[in-house]
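Colleague: model this:
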Amino acid sequence: IGIAPSSLTLVLNGITDLHSERPARWQDERVRVLFVGRLDAQKGFDTLLDAVEPIQDRVAVRVIGKAVAGPATAPRKRSPQIEYLGWRSLSEVATEIAAADVVVVPSRWEGFGLVALEAMCGRCAVVASDVGGLREIVVDGDTGYLVPPDNPARLMRTLARHDRPTWRAMGAAGRARYEAMFTAGRMNAE
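Modeller: Have a look, this model is predicted:
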């Protein structure tokens, strides 16, 4: 009883192309790291804070979002490498992605991982936790990296691994993967 496997088809989620050709103003020679999401336990923002603290001379971090479910994860002290932007519109997020070198998605659990897909759409490398739907989106070593959740030391080593041109090359690979697999047009057609 049920549906025959030959009658089933997996249709991957897709998104509309919202990437921005006009990057936000972000003048910094360090690797530009962007976090987009809730500052809640699920999203692992505290893991990112712990990861970037020892390498603040090498990375600059922008944060889009605020706490929604419970208290915000807050840094132990205000760091000059972290800039909090609050919530932004989708078009503003796209301009921040266009200015970033890498988007970090350090979630403890994740059903799909829309931010990772938006980053790839915007030609930005992704470093994400090796959980849930993020495994379907990010190709480890090609479009970015998958790291264990709750592992700030590993996240730190991964973020410190490359210079900006290498992250940009991974972002280009991410854009190609988005175009091949994750467009809204492809999803709707399937």
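Colleague: hey, let's count contacts and neighbours off CA atoms from now on
Modeller: Noted.
Colleague: Please, where are all the helices along this protein?
Modeller: 45-52, 90-99, 114-121, 134-137, 152-159, 164-181, 184-189 (DSSP state H).
Colleague: Report the buried residues of the longest one.
Modeller: For helix 164-181, the neighbour count (16 or more other Cα atoms under 10 Å) marks 167-179, 181 as buried.
Colleague: pLDDT on that helix, on average?
Modeller: Averaged across helix 164-181, pLDDT comes to 96.
Colleague: And it, how far out from the chain middle?
Modeller: Relative to its parent chain, helix 164-181 has a centroid offset of 12 Å by Cα atoms, centre = their mean, to the nearest Å.
Colleague: any weak-confidence spans in the chain?
Modeller: 1, 69-78, 80 (pLDDT under 70).
Colleague: quick one on the thing from earlier: mean neighbour count, the helices of the chain: which tops it?
Modeller: helix 114-121 (a mean of 26; mean count of other Cα atoms under 10 Å).
Colleague: Please list the residues outside that helix that contact it.
Modeller: 15, 17-19, 36-37, 94, 97, 103-105, 125-126, 128, 134, 137-138, 143, 171-172, 174-175, 177-179, 182 (Cα atoms under 8 Å, 6 or more residues apart in numbering).
Colleague: from the chain's centre, how far out does it sit?
Modeller: Centroid separation for helix 114-121 versus its chain: 6 Å, with Cα atoms, centre = their mean.
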